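1. After the sequence you'll find the predicted model.
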2 protein chains.
Amino acid sequence: MRHIKHVAGLTRWGLALVFVLFALIASLRPAFADDPLPSWNETASKVAIVAFVDRVTRDESPDFVPPAERIAVFDNDGTLWAEQPVYFQLAFALDRVKALAPEHPEWQNQEPFKYILQDDVKSALAGGNKAVAQIVAATHSGMTTDEFEQIVADWIAASKHPITGRPYTEMVYQPMLELLAYLRANGFKTFIASGGGIDFMRVFSERVYGIPPEQVIGSSGVTEFQMIDGIPVIMRMPEIAFIDDKDSKPLGIQRFIGHRPIAAFGNSDGDLQMLQWVTAGEGARFGLIVHHTDAAREWAYDRVSSIGRLDAALDAAAQQDWIVVDMKADWRTIYPPK
Amino acid sequence: MRHIKHVAGLTRWGLALVFVLFALIASLRPAFADDPLPSWNETASKVAIVAFVDRVTRDESPDFVPPAERIAVFDNDGTLWAEQPVYFQLAFALDRVKALAPEHPEWQNQEPFKYILQDDVKSALAGGNKAVAQIVAATHSGMTTDEFEQIVADWIAASKHPITGRPYTEMVYQPMLELLAYLRANGFKTFIASGGGIDFMRVFSERVYGIPPEQVIGSSGVTEFQMIDGIPVIMRMPEIAFIDDKDSKPLGIQRFIGHRPIAAFGNSDGDLQMLQWVTAGEGARFGLIVHHTDAAREWAYDRVSSIGRLDAALDAAAQQDWIVVDMKADWRTIYPPK
């Protein structure tokens, strides 16, 4: 009986507490609801993003853009997720070489594979484009498209970033996830346009970025239609068909989307021509470069980096009206909460 | 006064008539509302379409497919619009040769152009693939992508079909327009996968079919990124990059969409591999071939036609569970009302 009374007392206080909390939440809610970009500090970058979206979506705006033309393209490596200490797809390829090594005893004495098996990535990549092409062919071809999808899905589920220890799919930028969602909430269609492998990114793009496979543009290899025991399959061949980088990025966008986006987001010289082409269109346009300036929370690199070099595009940004995001100053958080 | 009385009398009768009509419409409305495919006769083809859509969209169905995977691909020529007496894009190319002839006096003595200028299409095409490639290069390249879009838009707005006298964009199949809308109303994403030129189709695909440019797959030429007086443009080059037909159709679909559709719609042997690959996937699948059987209202052709030949795919349809639409028997109307 005493016990029950005690509980009832607690319940009365509990109810009061709930009411107070409700009142508090109700008073705070409008402030939160008004901010679709909570991981962005209140700096010029955020102001510019919100102003652009308002400019193209407000009915009475002279720069109003109908939803069908609200297309935004995003680079992936270094723009939506990190790209250090090596491009994550290269980490995948290196892991695949090791996994496949038992079937390839000849790799023990063959460049670049022998270096990978000795964990000497620098020597493996010293062979330049030829070495990369050999690694890509050995790890990205010789299977059906369905099989490749499964291989990537298994790898991405099991692998961790070598420095942070987090899954690669958590090495994405929380402010950019919010930006993608904010644009979509405002009628934009968001696309990836990346130098990364198109079928590699498609495995996680929907789950991680909310971008379905059919809105992913990237580099690709030659494929072949084959009938195997009466079953039609698409085989991945060892030749590279299209590298979606630099001059070719606008071409990939035009080929896949068929009209010029009104906004482009990149982080390196590989995105320069995409930014030029997108922002040269008529009407309101938006170009943004993510500048890696945060050595403490992420990495700091630009003009002399071999990965994600940002040199010519940084100069161009100053001449054009492109926003340069200073990661250190502009982003309240870098990665999503664990 | 007598006049006014007369009018009032008419009005009273008119009102009564309106009420009767309203009652009639109200009684009929559920029947119409229930039929999303009014231009399809109540034959096996329509029953199969409705049964498939029900099977993949009903929550409790064992073959339920989530909306993200409800992808349907449609061939264009002969499937969504007519393709006789010549592919409409060829009619465009022939018209362009004539329009450009004053700038090319050398064409008067040069095959295949001289034949086109003499209205002798048969001789012009006697040169086979080489002649077609020359015609395509002369009419589809040498301008920016923006300029080409305008050229096609102007042509399609001004041109008429040589036999019916209707604009080409009205030579589309009303039953297929209803089918596209029906699928979309059931959460499908509809794509074109056609041997036609990708940028040609994109000019009218949204307006005519409700299919936006980014959901159009087709043949394409080589493009090049160029800076002209500091302005970035994409130039159309004279080489063909990709012919989206036969073996290559599944490859184009995989490249652009990134996952296997669950339904494919075609009309010729050019669609065979697309139909094979799509219907070989796991779960509920749907393949449909439009068979041109109506010489009176459209055209009748199949195994021996040089345009839209339907031979191997017709045999395959009998072995697989593909629906073969008999235009004459299955379609109540062919074209949209004028």
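-> Yep, that arrived.
2. From now on I want contacts and neighbour counts done on CA atoms only, so please keep to that.
-> Fine.
3. which residues in the stretch 101-250 of chain A form helices?
-> A:113-117, A:121-125, A:128-140, A:145-158, A:174-185, A:198-209, A:248-257 (DSSP state H, counting those that start in this stretch).
4. Determine which of those helices approaches chain B most closely.
-> helix A:248-257 (4.1 Å; C-alpha to the nearest C-alpha).
5. Could you find the closest non-adjacent residue to residue A:66?
-> Spatial nearest neighbour of residue A:66, chain neighbours left out: residue A:57 (7.7 Å); criterion: C-alpha to C-alpha, 6 or more residues apart in numbering or on different chains.
6. Give me the neighbour count for that neighbour.
-> Counted with other C-alpha atoms under 10 Å in any protein chain shown, the neighbours of residue A:57 add up to 18.
7. what's it sitting at in phi/psi?
-> Main-chain dihedrals, residue A:57, degrees, to the nearest 10: phi -110, psi -20.
8. can you tell me the residue of the stretch 101-250 of chain A closest to chain B?
-> For the stretch 101-250 of chain A, C-alpha to the nearest C-alpha, closest residue to chain B: residue A:214, 4.1 Å.
9. show me what contacts the residue nearest to residue A:66?
-> A:64, A:65, A:66, A:186 (C-alpha atoms under 8 Å, 6 or more residues apart in numbering or on different chains).
10. If you rank those by neighbours, which is first?
-> Ranked by neighbours (other C-alpha under 10 Å), the contacts of residue A:57 are led by residue A:65, which has 19 neighbours.
11. got the residues of the stretch 151-300 of chain A near chain B?
-> Contact residues (C-alpha under 8 Å from any C-alpha of the partner chain) of the stretch 151-300 of chain A with chain B: A:199, A:202, A:212-215, A:217, A:220, A:223-225, A:231-234, A:247-248, A:250-251, A:256-259, A:273, A:276-277, A:280.
12. Tell me how many other residues crowd the closest residue to residue A:212 other than its chain neighbours.
-> Using C-alpha to C-alpha, 6+ apart and skipping the chain neighbours, the partner closest in space to residue A:212 is residue A:206 (4.6 Å). Using other C-alpha under 10 Å, residue A:206 has 16 neighbouring residues.
13. okay, residue A:206: pLDDT?
-> Among the per-residue scores, residue A:206 holds a pLDDT of 98.
14. Quick check: it touching residue A:215?
-> No - if you go by C-alpha atoms under 8 Å, residue A:206 and residue A:215 don't touch, sitting 9.3 Å apart.
15. can you tell me which residues contact the residue lying closest to residue A:246 once chain neighbours are set aside?
-> In space, and not counting its chain neighbours, residue A:246 is closest to residue A:270: 4.3 Å by C-alpha to C-alpha, 6+ apart. For residue A:270, the contacting residues are A:195, A:245, A:246, A:308, by C-alpha under 8 Å, 6+ apart.
16. Now do residue A:270 against chain B, distance only.
-> 14 Å (C-alpha to the nearest C-alpha, to the nearest Å).
17. need the strands for chain A, in chain order.
-> Along chain A, the segments classed as strands by DSSP state E run A:71-74, A:189-197, A:216-228, A:231-242, A:263-266, A:286-291, A:323-326.
18. Buried deepest among these, which one?
-> Sort those by mean neighbour count, taking mean count of other C-alpha atoms under 10 Å in any protein chain shown, and strand A:263-266 sits at the top with a mean of 26.
19. Neighbouring strands of that one in the sheet, and parallel or not?
-> Strand A:263-266 has the following sheet partners, assigned by DSSP bridges: strand A:71-74 (parallel), strand A:286-291 (parallel).
20. Tabulate the ones you listed (CSV), appending mean pLDDT.
-> CSV is the format used below for the strands paired with strand A:263-266 (pLDDT from 0 to 100):
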stretch, mean pLDDT
strand A:71-74, 98
strand A:286-291, 98
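21. And residue A:173, how far from residue A:331?
-> Using C-alpha to C-alpha, to the nearest Å, one obtains 9 Å as the distance from residue A:173 to residue A:331.
22. Please say which of those two ends up with more neighbours.
-> Neighbour comparison, residue A:173 and residue A:331: the larger count goes to residue A:331, with 24 against 21 (by other C-alpha under 10 Å).
23. so how far is residue B:58 from the residue lying closest to that one once chain neighbours are set aside?
-> Sequence neighbours aside, residue A:40 is the residue nearest to residue A:331 in space, at 4.8 Å (criterion: C-alpha to C-alpha, 6+ apart). Separation of residue A:40 from residue B:58 (C-alpha to C-alpha): 42 Å.
24. Neighbour count for those two, which is higher?
-> residue A:40 (23 against 13).
25. for the more buried one, what are its contacts?
-> Residue A:40 makes contact with A:46, A:175, A:330, A:331, A:332, A:333 under the criterion C-alpha under 8 Å, 6+ apart.
26. Which pLDDT value belongs to the fourth one?
-> Each residue has a pLDDT score; the one for residue A:331 is 98.
27. My read is that it contacts residue A:44, right?
-> No - using C-alpha under 8 Å as the test, residue A:331 is too far from residue A:44 to be in contact (11.5 Å).
28. tally of neighbours for whatever residue of the stretch 1-150 of chain A ends up closest to chain B?
-> Nearest residue of the stretch 1-150 of chain A to chain B, counting by C-alpha to the nearest C-alpha: residue A:68, 7.8 Å away. Neighbour count of residue A:68, defined by other C-alpha under 10 Å: 12.
29. which residues does it contact?
-> residue B:212.
30. What distance do you get for it to residue B:64?
-> 29 Å.
31. can you count the residues close to residue A:142?
-> Every residue meeting other C-alpha under 10 Å relative to residue A:142 is counted, giving 15.
32. ok, now residue A:303?
-> Neighbour tally, residue A:303, other C-alpha under 10 Å: 14.
33. likewise residue A:337?
-> 7.
34. Next, find the distance separating it from residue A:328.
-> On the measure of C-alpha to C-alpha, residue A:337 and residue A:328 end up 18 Å apart.
35. who's in contact with the closest residue to residue A:70 other than its chain neighbours?
-> Nearest residue to residue A:70, sequence neighbours excluded (C-alpha to C-alpha, 6+ apart): residue A:188, at 4.7 Å. Applying C-alpha under 8 Å, 6+ apart to residue A:188 gives the contacts A:67, A:69, A:70, A:71, A:72.
36. Hmm, the fourth one is touching residue A:254, no?
-> No - here residue A:71 does not reach residue A:254: they are 11.8 Å apart, not a contact under C-alpha under 8 Å.
37. Common neighbours of the two, please.
-> Both residue A:71 and residue A:254 are in contact with residue A:260, where contact means C-alpha under 8 Å, 6+ apart.
38. Relative to residue A:321, how far out is residue A:40?
-> In terms of C-alpha to C-alpha, residue A:40 sits 20 Å off from residue A:321.
39. Residues in contact with stretch A:83-98: which ones?
-> The set of residues external to stretch A:83-98 that reach it, using C-alpha under 8 Å, 6+ apart, is A:77, A:113, A:116-117, A:135-136, A:138-140, A:152, A:155, A:168, A:196-197, A:200, A:299, A:307-308.
40. if you set the cut-off to 7 Å instead, what comes out?
-> A:77, A:116, A:117, A:135, A:136, A:139 (C-alpha atoms under 7 Å, 6 or more residues apart in numbering or on different chains).
41. And the furthest pair within those residues?
-> Farthest-apart pair in those is A:77 and A:117; separation 25.2 Å (C-alpha to C-alpha).
42. Residue A:81: what's it in contact with?
-> A:171, A:172, A:173.
43. ugh, wrong one, residue A:43
-> Counted by C-alpha under 7 Å, 6+ apart, residue A:43 has contacts residue A:330.
44. Provide a list of residue ranges in chain A with pLDDT below threshold.
-> By pLDDT under 70, the low-scoring segments of chain A are A:1-33.
45. hmm, 50 instead?
-> A:1-10, A:29-31 (pLDDT under 50).
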